[in-house]
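Peer 1: can't give you the sequence, but here's the structure:
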């Protein structure tokens, strides 16, 4: 076991663990944000640079610091490594710059975007970004594309994290979905407008950290903070059938996979569950999901209702009259 | 009688009522009537505290928070894109909306690709705090110095788009509500906001 210290908190992890996963083991504030790394997708990470951290001491054997900030999602820990994340002003300044770079080509269409309210980039820029943009050049623009019947691709919003490509490759099986061209003109494409026909292709919506891939069956239906996320399940032959049903009153507006505290899907769900089962009778509703306090979705959602205690009869509290 | 305790006031402000006989002058009542009439008549000459609404109206602040307006832009397109920020900002939960996708050919009606098909404000719930106006990213909703009309029916206080959206013939001026900082921001042409 390797001992690694992140922001003055020491944790023991298996050799080969990345700094990011070691930090996730600690949890809380010290976890670097990640826009492209996804623990369930092999090969993901190393693209967005949001998770940069400072290595103040390489290892116990070689205590020199690493010369540059490193991407914590793809750097394995060494024994005796000392890492600084939020305790290093250098890292926070770098993260601020990275957010600005990610937002260079990202349109300011959050009022229209269906992802708003549960968008990783929105949260990240809210926490680390500048108040206003300094970018005055033209943003790259693409047409909106329908990938099949159920998925909409807004290439303008894409930050090229490649998560959807790995999902299409690893989860959805047959890969008909990739990144074409290079650099500034790079775009997610289905290669000669092929539809995604796999049973699990809908998961690209859940892994997308921004609103580039969205659910066409939920398009403009409602804002996420007007809906109640409920745990629901059904017997499904293709997947586990454990989902989050986003409900408005007694109606199900959309179905997504359940996400853990790091915003990652717990179990990938099939397209039948996601797109076709929109009746309340299709599901067994377990109960409301926990919503983070700092999320906009928590507005007007009351998880713990404290019922007023019944006042004891007045006689006990008053003095007895003679 | 002597074993009865004298009454003590809890507040300490009670007075013992005397029932002494009134004097001969007091029995004439004339001085008291004259005294009362002077007070009454002197009020005729004083400034009135009330006004005769609706013939006369009180002066309103330019940024009075009254009935809402949903603005159109200069080309007559609705500015609201149904982003829901006003509704989530509303502490009284008075605003509800249903969004709809703009179809080809409706570009002259709606500014963005999404618009509010239904937009309702419950004026009985509204507390006129102005947080919706503050939250709006599209400068679509403003409060105006107009009073919400009284009505006999509760359901008529749910104002829909027919009442809220301004007509192009009779536009509502909201320039006074926009601070110099906002106006300076609007002049920046590199913002998508100003298309």
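Peer 2: Nice, I can see it. Everything numeric here is computed off the predicted structure, so don't read it as measured data.

Peer 1: CA only for contacts and neighbour counts going forward, please
Peer 2: OK.

Peer 1: what is the neighbour count of the residue of the stretch 1-150 of chain A at minimum distance from chain B?
Peer 2: When distances are taken as CA to the nearest CA, the stretch 1-150 of chain A reaches nearest to chain B at residue A:111, 4.5 Å away. Residue A:111 has 21 neighbouring residues, counting by other CA atoms under 10 Å in any protein chain shown.

Peer 1: which residues does the nearest residue to it once chain neighbours are set aside contact?
Peer 2: For residue A:111, the nearest residue in space outside its immediate sequence neighbours is residue B:83; the separation is 4.5 Å by CA to CA, 6 or more residues apart in numbering or on different chains. When the contact criterion is CA atoms under 8 Å, 6 or more residues apart in numbering or on different chains, the partners of residue B:83 are A:111, A:112, A:223.

Peer 1: hmm, the first one is touching residue B:82, no?
Peer 2: Yes - between residue A:111 and residue B:82 there is a contact under CA atoms under 8 Å: 7.4 Å.

Peer 1: residues touching the helix or strand where residue A:127 lies, excluding its own?
Peer 2: With elements taken from DSSP states H and E, the one containing residue A:127 is helix A:120-128. Counting by CA under 8 Å, 6+ apart, helix A:120-128 makes contact with A:33, A:35, A:92, A:95, A:96, A:99, A:116, A:209, A:210, all of which sit outside it.

Peer 1: rerun that using 7 Å as the cut-off
Peer 2: Counting contacts by CA atoms under 7 Å, 6 or more residues apart in numbering or on different chains, the residues outside helix A:120-128 that touch it are A:95, A:96, A:99, A:209, A:210.

Peer 1: neighbours of the first one, how many?
Peer 2: This means residue A:95. The tally of other residues near residue A:95 (other CA under 10 Å) stands at 23.

Peer 1: I figured it hits residue A:49, correct?
Peer 2: No - taking contacts as CA atoms under 7 Å, residue A:95 lies outside contact range of residue A:49: 8.0 Å.

Peer 1: pLDDT at the residue minimising distance to the centre of chain A, what is it?
Peer 2: In chain A, the residue lying closest to the centroid (CA atoms, centre = their mean) is residue A:263, at 3.5 Å. Per-residue pLDDT puts residue A:263 at 89.

Peer 1: and the spatially most central residue of chain B, how far is that from chain A?
Peer 2: Central residue check for chain B by CA atoms, centre = their mean: the C-alpha nearest the mean position is that of residue B:66, 3.9 Å away. For residue B:66, the distance to chain A (CA to the nearest CA, to the nearest Å) stands at 25 Å.

Peer 1: which strand or helix spans that residue?
Peer 2: Secondary-structure element containing residue B:66, defined by DSSP H and E: none, the residue being outside all helices and strands.

Peer 1: again, but for residue A:169
Peer 2: When secondary structure is defined using DSSP H and E, the element that contains residue A:169 is helix A:163-170.

Peer 1: got the buried residues for that helix?
Peer 2: Of the residues in helix A:163-170, those buried by neighbour count under the rule 16 or more other CA atoms under 10 Å in any protein chain shown are A:163, A:164, A:165, A:166, A:167, A:168, A:169.

Peer 1: tell me which other helices or strands that helix touches.
Peer 2: Under the contact criterion of 3 or more CA pairs under 7 Å, 6 or more residues apart in numbering or on different chains; DSSP states H and E, helix A:163-170 touches helix A:203-207.

Peer 1: who's in contact with the helix it packs on?
Peer 2: Outside helix A:203-207, the residues that touch it by CA under 7 Å, 6+ apart are A:163, A:164, A:167, A:213, A:214, A:215, A:256, A:268, A:269.

Peer 1: and the next helix or strand past that helix?
Peer 2: strand A:213-215.

Peer 1: mean confidence for the strand with the most length in chain B?
Peer 2: For chain B, the longest strand by residue count, based on DSSP state E, is strand B:114-122. In this model, strand B:114-122 has a mean pLDDT of 95.

Peer 1: what separates it from the chain centre, distance-wise?
Peer 2: Distance of strand B:114-122 from its chain centroid, counting by CA atoms, centre = their mean, to the nearest Å, is 21 Å.

Peer 1: now do stretch A:99-118
Peer 2: Going by CA atoms, centre = their mean, the spacing between the C-alpha centre of stretch A:99-118 and its chain's C-alpha centre is 14 Å.

Peer 1: can you check stretch A:163-174 too?
Peer 2: Averaged C-alpha coordinates place stretch A:163-174 at 17 Å from its chain's average position (CA atoms, centre = their mean).

Peer 1: ditto for stretch B:54-62
Peer 2: Relative to its chain's centre, stretch B:54-62 lies at 13 Å (CA atoms, centre = their mean).

Peer 1: one more: stretch A:215-230?
Peer 2: In this view, stretch A:215-230 has its centroid 16 Å away from the chain centroid, taken as CA atoms, centre = their mean.

Peer 1: now do stretch A:126-142
Peer 2: Using CA atoms, centre = their mean, the distance from the centre of stretch A:126-142 to the centre of the chain it belongs to is 21 Å.

Peer 1: so in chain B, which helix runs the longest?
Peer 2: With DSSP state H applied, the helix covering the greatest number of residues in chain B is identified as helix B:30-45.

Peer 1: ok so, going back, OK, contacts around the residue nearest to the centre of chain B?
Peer 2: B:128, B:143, B:144, B:145, B:146, B:147, B:148.

Peer 1: try it again with 10 Å
Peer 2: Residue B:66 makes contact with B:127, B:128, B:129, B:130, B:142, B:143, B:144, B:145, B:146, B:147, B:148, according to CA atoms under 10 Å, 6 or more residues apart in numbering or on different chains.

Peer 1: up against chain A, what does chain B have?
Peer 2: Taking CA under 10 Å from any CA of the partner chain as the contact definition, chain B meets chain A at B:80-85, B:87-89, B:91, B:93, B:96-101, B:112-116, B:136-138, B:189-193.

Peer 1: out of these, which end up buried?
Peer 2: For those, buried by 16+ other CA under 10 Å: B:80-85, B:87-89, B:91, B:93, B:96-101, B:112, B:114-116, B:136-138.

Peer 1: which parts of the stretch 51-200 of chain A sit against chain B?
Peer 2: With the criterion set to CA under 10 Å from any CA, the stretch 51-200 of chain A comes near chain B through A:107-114, A:116, A:132-139.

Peer 1: emit the ChimeraX select command for whichever of those are buried.
Peer 2: To isolate the buried subset of those in ChimeraX, counting by 16+ other CA under 10 Å, use the following:
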select /A:109,110,111,112,113,114,116
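
Peer 1: out of the residues of the stretch 51-200 of chain A next to chain B, list just those in strands.
Peer 2: Among these, no member falls in strands (DSSP E).

Peer 1: where in chain B is pLDDT low?
Peer 2: B:1-7, B:186, B:188-195 (pLDDT under 70).

Peer 1: where do the strands of it begin and end?
Peer 2: Going by DSSP E, chain B shows strands at B:68-70, B:95-101, B:114-122, B:141-143, B:158-159.

Peer 1: what comes into contact with the fourth one?
Peer 2: Here strand B:141-143 makes contact (CA under 10 Å, 6+ apart) with B:63-72, B:79-80, B:86, B:128-136, B:164-165, B:172-174, B:177-178.
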